[in-house]
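Enquirer: show me how the following folds:
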Amino acid sequence: MPVWSVMLVVALVGVVSAGVGGTIGAQLGLSNGDATRTGAPSLNNPPPTGAPSRAPDTVAGVAQRVSPSVVSIQASGPGLSGNGSGFVIADDHVVTNNHVSSALERKGIEVVYSDGHTSGAEVVGSAPSADLAVLKLKDPVDVEALEFGDSDQVTVGDEVIAIGAPLGLAGTVTTGIISAVDRPVSVGEAGEETFISALQTDAAINPGNSGGPLVDAQGRVIGVNSAIATMGALSGEQSGSIGLGFAIPSAQTKGSSTN
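Expert: Reported below is the predicted structural model:
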């Protein structure tokens, strides 16, 4: 790990009350489309009712097509605050972060779509060492599964969009660029660290974004929002975005899924 010129704390960014991280696809053999395919994916999600349509190659157009396939994840029972994010990879399966699902599983997990539809969910696969969980939905909505892009083709300066539920604000869209690639980051509690070679972005990422997608200008998932660097936060505390966010690259996910 490099020595920072200012003191930074790498913080997980998922469940507000429990602390979480995020990654996708590893060790579960999941795949969704050709990661090397060029051009915009064939997402057919319509714009929100009453919203003006936008060209598909604009930030607004990508957000309109992708957002219906991004969900917020929360406890279905009372007495537990906090939330995380996830995204649809098949008709009734959602990828999220293992820390998100494990923090909420005891009380029951509820998934909320962008239109307000809710569904119970259960964990059907997890890889704690990769910070990954896959949920199966009991009452899914017919939305397009998101397509994985090729993070090996990402370079500094590429435009990216983050979608998720920071601080419980479902459907939040932020945008920025890739600030660095192959950034070594260690996230997690002592003895349970996950080491990632991350995509760094200045797109605003905050607690609750964990498990949500970082997509490219065509709406393909190139990473999963995982962690943020903060200044001056005490151990165990969380702070907001200062423009240093980190995501698990999709290429790492693809490699792990073949193991």
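Enquirer: from here on, contacts and neighbour counts on C-alpha atoms
Expert: OK.
Enquirer: the closest residue to A133 other than its chain neighbours: helix or strand, and which one exactly?
Expert: Residue nearest to A133 in three dimensions, not counting chain neighbours: S126, with 4.1 Å by CA to CA, 6 or more residues apart in numbering. Secondary structure assigned from DSSP states H and E places S126 in strand 118-127.
Enquirer: sheet partners, orientation included, of that strand?
Expert: Counting by DSSP bridges, the strands paired with strand 118-127 are strand 109-112 (antiparallel), strand 132-137 (antiparallel).
Enquirer: per-domain residue ranges of this structure.
Expert: For the chain, automatic domain parsing gives the domain ranges 9-29+146-257, 69-137.
Enquirer: show me the shaky parts of this protein.
Expert: Across the chain, the ranges flagged by pLDDT under 70 are 1-50, 77-82, 187-192, 232-239, 253-259.
Enquirer: tell me which of the domains of the chain sits nearest to A55.
Expert: domain 9-29+146-257 (11.5 Å; CA to CA).
Enquirer: hmm, back to that, what is the neighbour count of the residue nearest to A133?
Expert: 23 (other CA atoms under 10 Å).
Enquirer: mind checking how far it is from F148?
Expert: 19 Å (CA to CA, to the nearest Å).
Enquirer: next: V95.
Expert: Taken as CA to CA, the span from V95 to F148 is 12 Å.
Enquirer: which one's more surrounded, the two?
Expert: Taking neighbours as other CA under 10 Å, V95 and F148 compare with V95 leading, 31 against 28.
Enquirer: which residues does the closest residue in space to that one that isn't next to it in sequence contact?
Expert: Spatially, and ignoring its direct neighbours in sequence, V95 is nearest to V134 (4.7 Å; CA to CA, 6+ apart). Taking CA atoms under 8 Å, 6 or more residues apart in numbering, we find V134 in contact with H93, V94, V95, T96, V123, V124, G125, S126.
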